[in-house]
Every structure is written in structure tokens, then in C-alpha cells.
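A.B. asks: Give me a model of this one.
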Amino acid sequence: MHSSTSSTPVSALDPGAVPETVHGSVSDQPPVAVPNTARAREATAATNGTETRGKHFRRKAHRARLHSYAIGAVALVAGLIALAASNTARVKVNWLIGSSRVSLVWLVLAAALLGWALGLIASARFHWRTRAPRRQSETRS
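C.D. replies: Residues are numbered from 1 along each chain as shown. You can find the predicted model right below:
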């Protein structure tokens, strides 16, 4: 776009001044029409360095999940402390051969850890037994 009117030159020292006319073409390339779709808006926002609505929502949702996990972990630790404090009595445990007396909290925690470990082993075993079959290479000799 060319303008034939003359304008007073703008001083380079004045950062707030905006020139009234533009001399020469702004770009050597023709303008490209950008479709007004969500994907196009996200692409232009990604090139501009701004955050789209979808990314903003996902970031906030991820933060909320992390906060809920932290609150759940604190509640679990508080529950374990309350369990340990209220179950300090010694109980008799009968084994196949003989018996022993142990603090109830240690018995409960040992049973919980044993159950957790057996659950992990069972889960790994089920995953191994039900995995998809491996593809064999066709160039086998």
C-alpha cells in the first residue's frame, strides 16, 4: 500500500509515536486466509506463545488432580497415625506351631503390606498371562 501524501517524519526517540502512513509494502508475501476453526486458533496461539482455552483447562485440571492426590496422601498418613495410636494393645497370634504376642498395629501393618505385595504380584501375573500375542517376523528361516 503506497500513500502519495507526505507526512512529517517520526522521531526514532519517541517510542509512543505511531506513524500516520506506511511507505512500501508491509510484507512481500500475499496475505493468507486463516480458517476460523478451533484447531486453527490453537495453532496461531501456539505460534504466538499464548495459551489456548483447552490447554488452560487441562493445566488447571491437572493441578486440581495433583492437589487432590496430595490431600489424599495426607489423609492416608493421618489415618495410619491414628490407627497406630489407637491400637497399641498386645494381642495373641496363633500360628500353625505355637503362638506369640504382638502389638496389634504391627499385625495390621504387616497384613496390609503382605496384601499389597500379593496384589502387585497377582496384577503382574494377570498382565503377563493376558497380554497380546507377539507378532512373528515373516522372514523367519
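
A.B. asks: This structure: strands as residue ranges?
C.D. replies: Secondary structure of the chain, counting by DSSP state E: strands at 90-94, 99-103.

A.B. asks: okay if I get these as TSV plus mean neighbour count?
C.D. replies: Bear in mind the C-beta positions are built from the backbone N, C-alpha and C, glycine included. Converted to TSV, the strands of the chain look like this (neighbours: other C-beta atoms under 10 Å):
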stretch	mean neighbour count
strand 90-94	10
strand 99-103	10
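
A.B. asks: how about these, which one is nearest residue 44?
C.D. replies: With C-beta to C-beta, the closest approach to residue 44 among the strands of the chain belongs to strand 99-103: 64.7 Å.

A.B. asks: Could you list the residues in contact with that closest one?
C.D. replies: By C-beta atoms under 8 Å, 6 or more residues apart in numbering, the residues outside strand 99-103 that reach it are 87, 88, 89, 90, 91, 92, 93.

A.B. asks: if I look at the fourth one, how far off is residue 121?
C.D. replies: Looking back up the chat, that one is residue 90. Distance check for residue 90 against residue 121: by C-beta to C-beta, to the nearest Å, it reads 31 Å.

A.B. asks: How is the protein partitioned into domains?
C.D. replies: Domain ranges of the chain: 38-86, 90-129, per automatic domain parsing.

A.B. asks: hmm, back to that, residue 50: which of the contacts of strand 99-103 is nearest?
C.D. replies: Closest to residue 50 out of those is residue 87 (55.2 Å), distances taken as C-beta to C-beta.
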